[in-house]
Every structure is written in C-alpha cells, then in structure tokens.
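Undergrad: pasting the sequence and the predicted coordinates here, then a few questions.
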Amino acid sequence: MTNTADMEAKFWAALKSDRTMMLGIDGAQDGQVRPMTAQFEDDRSPIWFFCASDNSLVSLLGSAHRAIATFAAKDHEVFASVHGRLSLDTDPATIDRLWNPHVAAWFENGRNDPKLRLLRLDAESAEIWL
C-alpha cells in the first residue's frame with residue numbers, strides 16, 4: 001500500500017512533468033472547468049495560474065471562491081482532484097518569480113500586459129489516485 005507522502009510526491013512529480021490542470025469555480029457555470037497551466041514552487045501549495053483578464057474565471061472570482069482543479073498524468077499513472085480557495089494574486093514579486101518563457105508567449109506586453117492576471121489556488125484538500 002502506498003502511503004500519503006509517497007502519493008503526494010508522485011502527484012507533484014507528475015504535475016511538474018505536465019503542468020496542465022482543469023480548473024473551475026465550485027458551484028459556478030454548472031461545474032465547467034478549463035485547461036490551465038499550473039505554476040508552483042517546492043512541490044507544495046499554493047498553485048498559481050496565469051491568465052488574461054477576459055478569462056471567465058476572473059469575472060466569476062470576485063474576491064475569493066472555492067475552486068476545484070483536476071489532474072491526469074500523461075501516462076495515466078496519477079490522477080488528482082484538488083479543492084481549495086481561489087483568489088487573485090497581485091503581488092508583482094510573485095509574478096516576477098513565476099514568469100517564464102512559456103507564460104511570456106501568451107502576453108504581448110510581457111509582465112506589464114494590462115490583461116495579465118495571476119490566480120492563486122490555496123489547496124485545502126486533495127484526493128490522489130495511482
């Protein structure tokens with residue numbers, strides 16, 4: 001039997017390999033989720049997602065909401081469902097720290113793009129399947 005620490009380690013390793021999660025706001029849009037690229041540090045929560053201001057998540061968000069993010073590894077060895085609080089993160093230092101060429105490709109004006117938004121998911125619970 002795999003212990004919790006092993007399952008968490010496998011989740012973070014798989015997420016590092018393929019950063020795509022399906023993210024949605026709990027109770028909004030009939031549970032619709034959309035693919036988002038996860039950014040994280042030190043293999044732990046929070047998980048951040050860069051997006052544009054016209055992304056429907058931003059308009060649904062307001063100040064903070066409960067969210068769900070799901071993940072399926074490319075090799076289907078790891079699956080996860082993460083629940084937590086989703087909020088806007090406006091800290092320029094966090095944006096600078098997480099900025100990378102993959103994110104830059106989506107924003108014409110770089111870090112100063114007026115449409116740039118950073119969503120922060122603070123995980124409260126998760127279920128992981130191997």
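TA: Looks like it arrived, so ask away.
Undergrad: Pro35: which element?
TA: With elements taken from DSSP states H and E, the one containing Pro35 is strand 34-41.
Undergrad: please apply the same query to Leu118.
TA: Short version, using DSSP H and E: Leu118 is in strand 116-129.
Undergrad: returning to what we had before: strands paired with the strand holding Pro35, and their directions?
TA: Each strand pairing with strand 34-41, determined using DSSP bridges, is listed with its direction: strand 20-25 (antiparallel), strand 44-52 (antiparallel).
Undergrad: I'd like these as JSON lines, with mean pLDDT, mean neighbour count and distance to Ala72 appended.
TA: In this view, the C-beta of every residue, glycine as well, is placed from N, C-alpha and C. Shown next, in JSON lines, are the strands paired with strand 34-41 (pLDDT from 0 to 100; neighbours: other C-beta atoms under 10 Å; distance: least, C-beta to C-beta, whole Å):
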{"stretch": "strand 20-25", "mean pLDDT": "94", "mean neighbour count": "19", "distance to Ala72": "8"}
{"stretch": "strand 44-52", "mean pLDDT": "94", "mean neighbour count": "19", "distance to Ala72": "15"}
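Undergrad: I'd like these as CSV, with distance to Ile68 appended.
TA: Written out in CSV, the entries for the strands paired with strand 34-41 read as follows (distance: least, C-beta to C-beta, whole Å):
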stretch, distance to Ile68
strand 20-25, 6
strand 44-52, 12
